[in-house]
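Asker: model this:
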Amino acid sequence: MTMSTDILPAVRTCFARLIDYAGLFPPAKLGVADAVAEYDEARSASHAWMLGRFIVPASRLAELAGAIGNRAPFAVSVIVDAVTDALRWFESARTTLSTIADARANTSLRIEALEVPLPVLGSMRETFGANIGQLAALAEQAGLRNLPIYAEMPRDQRWRGLLADSMTALARARFGAKIRCGGLTAEAFPSPEDVTAFIAASTAENVPFKGTAGLHHPVRHFNAPSGFTMHGFLNILAACALARRADEATLATILAEEDPAAFRFDERGFAWRDLRASVEEIAAMREHGFVAYGSCSFAEPIDDLTALGILPKTN
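Answerer: Model (predicted):
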């Protein structure tokens, strides 16, 4: 990695507002007051340019508004924590979106995005197209259609086979997607091939996406305390930046890369081994591809990127 006291343009482009703060969620699972204090501290830190939105479940919006108090309002991304049972999801989502609309109108919260888990499909004949259409209609009714909305399709044995149709439906609705990259069990971690399929499908339809869970560190690695091999957010950035000119086998290799030295930033852009992306290509990827990921820690990725020499050391 190249050490420097300056931040290269490609580094700024890659990481600007990349990290949405998810301190309310495991493993940190802070209380609202503590999470707000930690986010406030991050907002005034030297790497605040990398900080994105504060992620909160819709069921805790009132609590968040109270905890913010007289602080300057900050950008919020709301998890639409409706039930994911296929039979009850529609009405639950309607109620939850109404709660969000009320909070947007009647509090100082700057609600800037929605993240919506879609229901588990009720039968083998169904696709996510109907749910995505219903979500668009519900968001319109609630007056929230102008917000960026990221839909998460539950990952089961059918998930990969439905990706192409799902991305087409998301593009038609002008929605983004969301991919879960980890969790509390081995099954919660998608394979590099699964993530490749997701990136290829989203790229083909120009669907921007968010990541969540398991992306605490830049490069894919084995985590001894948990016993899981975890994805790296730098791997995903590289795969997305190169997705329009690399085949899926190459993208899977990028996502499986565990050598930090394989990733390089310089004055011309960003490279994984012999493949390069310009600053302009990175900027397009951040706007139309990998827009952000949720992390319960803001300090961990900063510390890791500093240790790798990608970010300069600060006093």
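
Asker: what are the ranges of the strands in the stretch 201-315 of the chain?
Answerer: 209-212, 221-223, 228-230, 263-266, 269-272, 275-278, 290-295 (DSSP state E, counting those that start in this stretch).

Asker: Which other helices and strands does the lengthiest helix in the chain contact?
Answerer: Longest helix in the chain, counting residues (DSSP state H): helix 89-106. Secondary-structure packing of helix 89-106 (3 or more Cβ pairs under 8 Å, 6 or more residues apart in numbering; DSSP states H and E): helix 61-68, strand 110-117, helix 129-141. C-beta coordinates here come from the backbone N, C-alpha and C atoms, glycine included.

Asker: So for residue 25, which of the strands of the stretch 201-315 of the chain sits nearest?
Answerer: Among the strands of the stretch 201-315 of the chain, the nearest to residue 25 by Cβ to Cβ is strand 290-295 (7.4 Å).

Asker: what residues does the closest one touch?
Answerer: Strand 290-295 has contacts (Cβ atoms under 8 Å, 6 or more residues apart in numbering) with 17-22, 25, 52-53, 55, 176, 181, 208-213, 215-216, 233, 236-237, 240, 301.

Asker: Narrow these to those that are buried.
Answerer: The neighbour-count criterion (16 or more other Cβ atoms under 10 Å) marks 18-22, 25, 52-53, 55, 176, 181, 208-213, 215-216, 233, 236-237, 240, 301 among these as buried.

Asker: what comes up buried for stretch 240-260?
Answerer: Those would be 240-243, 246, 250-257, 260, for stretch 240-260 by 16+ other Cβ under 10 Å.

Asker: next one: stretch 294-307
Answerer: Result for stretch 294-307 [16+ other Cβ under 10 Å]: buried residues 294-298, 301-302, 304-305.

Asker: Helices - which of the residues you listed land there?
Answerer: Under the assignment DSSP H, the buried residues of stretch 294-307 contribute 301-302, 304-305 to helices.

Asker: want to try a markdown table for the residues you listed, with pLDDT and distance to residue 154 as columns?
Answerer: A markdown table is the format used below for these (pLDDT from 0 to 100; distance: Cβ to Cβ, whole Å):
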| residue | pLDDT | distance to residue 154 |
| --- | --- | --- |
| 301 | 97 | 27 |
| 302 | 97 | 32 |
| 304 | 97 | 30 |
| 305 | 97 | 32 |
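
Asker: sorry, back to before: take the helices and strands packed on helix 89-106 and write them to JSON lines, including mean pLDDT and distance to residue 11.
Answerer: Output for the helices and strands packed on helix 89-106, formatted as JSON lines (pLDDT from 0 to 100; distance: least, Cβ to Cβ, whole Å):
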{"stretch": "helix 61-68", "mean pLDDT": "96", "distance to residue 11": "31"}
{"stretch": "strand 110-117", "mean pLDDT": "98", "distance to residue 11": "24"}
{"stretch": "helix 129-141", "mean pLDDT": "97", "distance to residue 11": "35"}
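
Asker: now for those, which one comes closest to residue 35?
Answerer: Closest to residue 35 of these, according to Cβ to Cβ: helix 61-68, at 8.1 Å.

Asker: Could you export the closest one as CSV, CA atoms only?
Answerer: Presented in CSV, the C-alpha positions along helix 61-68 are these (Å, rounded to 0.1, in the frame of the first residue of the first chain):
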residue,chain,number,x,y,z
LEU,A,61,-37.8,7.0,15.5
ALA,A,62,-39.6,8.7,18.4
GLU,A,63,-36.8,7.6,20.7
LEU,A,64,-34.2,8.9,18.3
ALA,A,65,-35.9,12.3,18.0
GLY,A,66,-35.9,12.6,21.8
ALA,A,67,-32.3,11.7,22.1
ILE,A,68,-31.2,14.2,19.4
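
Asker: Residues in contact with that helix: which ones?
Answerer: Helix 61-68 is touched from outside by 32-33, 36, 54, 56, 74, 76, 78, 99-100, 103, 107-109, with contacts defined as Cβ under 8 Å, 6+ apart.

Asker: Now that we have these, which of them are buried?
Answerer: Neighbour counting with 16+ other Cβ under 10 Å marks 32, 36, 54, 56, 74, 76, 78, 99-100, 103, 107, 109 as buried within the contacts of helix 61-68.

Asker: circling back to that earlier point, out of the strands of the stretch 201-315 of the chain, which comes closest to residue 86?
Answerer: For these, the distance to residue 86 is smallest for strand 209-212, at 21.9 Å, taking Cβ to Cβ.

Asker: OK, contacts around residue 178?
Answerer: Contacts of residue 178 by Cβ under 8 Å, 6+ apart are 115, 150-152, 209-212.
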